[in-house]
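Following is a predicted model, sequence given first.
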Amino acid sequence: MEFTTDLLVGMLGNLETCFDLGSVVPGAGVQHSDLFAMWLDVKAALRSLPPRDRTIVWLLGQGWTERDVGTKLGVSHQGIHKRYQLILRRLQTTLMGPGAKRTAA
């Protein structure tokens with residue numbers, strides 16, 4: 001199973017409920033043990049992020065807009081957008097290895 005942008009963002013959005021990914025990956029035939037392993041990998045990858053980056057991911061995952069996050073952190077919404085893109089690339093590299101290409105969302 002590949003980490004697509006949608007899957008990764010969905011998992012980041014709410015780690016506590018991501019164990020049941022049937023709604024994110026319908027009919028993918030993913031075993032619960034695989035999902036649990038993925039969940040642990042994502043959780044470890046998130047813990048490797050600096051606290052400010054984890055805050056950005058958490059707030060965006062809770063439905064905050066980039067503008068709202070920027071206001072909260074004293075950064076422009078463009079700055080939040082660029083930082084989030086860097087965070088996703090870093091997580092992608094951590095989870096899939098260097099040189100991994102993101103699957104179209």
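Done, it's in. Source: prediction; values computed, not measured.

For the protein, name the helix or strand with the lowest mean pLDDT.
helix 5-13 (a mean of 55; mean pLDDT, DSSP states H and E).

Tell me how far P51 lies from W58.
According to Cβ to Cβ, to the nearest Å, P51 stands 10 Å off from W58. Yep, even glycine has a C-beta here, placed from its N, CA and C like the rest.

quick one on the thing from earlier: tell me which helix or strand comes right after the least confident helix or strand of the chain.
In the C-terminal direction, the helix or strand that comes right after helix 5-13 (DSSP states H and E) is helix 32-47.

Check which residues of that next one are buried.
Within helix 32-47, the residues that count as buried by 16 or more other Cβ atoms under 10 Å are 35, 38-39, 41-42, 45-46.

who has more neighbours, P51 and W58?
Per other Cβ atoms under 10 Å, whichever of P51 and W58 has more neighbours is W58, with 16 against 7.

just the angle between the lengthiest helix in the chain and helix 32-47, please?
In the chain, taking DSSP state H as the definition, the longest helix is helix 77-96. Counting by axes from the mean of the first three to the mean of the last three Cα atoms, to 10 degrees, helix 77-96 lies at 130 degrees to helix 32-47.

what mean pLDDT does helix 77-96 have?
Mean pLDDT, computed over helix 77-96, is 90.

Since that was my last question, I'll sign off now.
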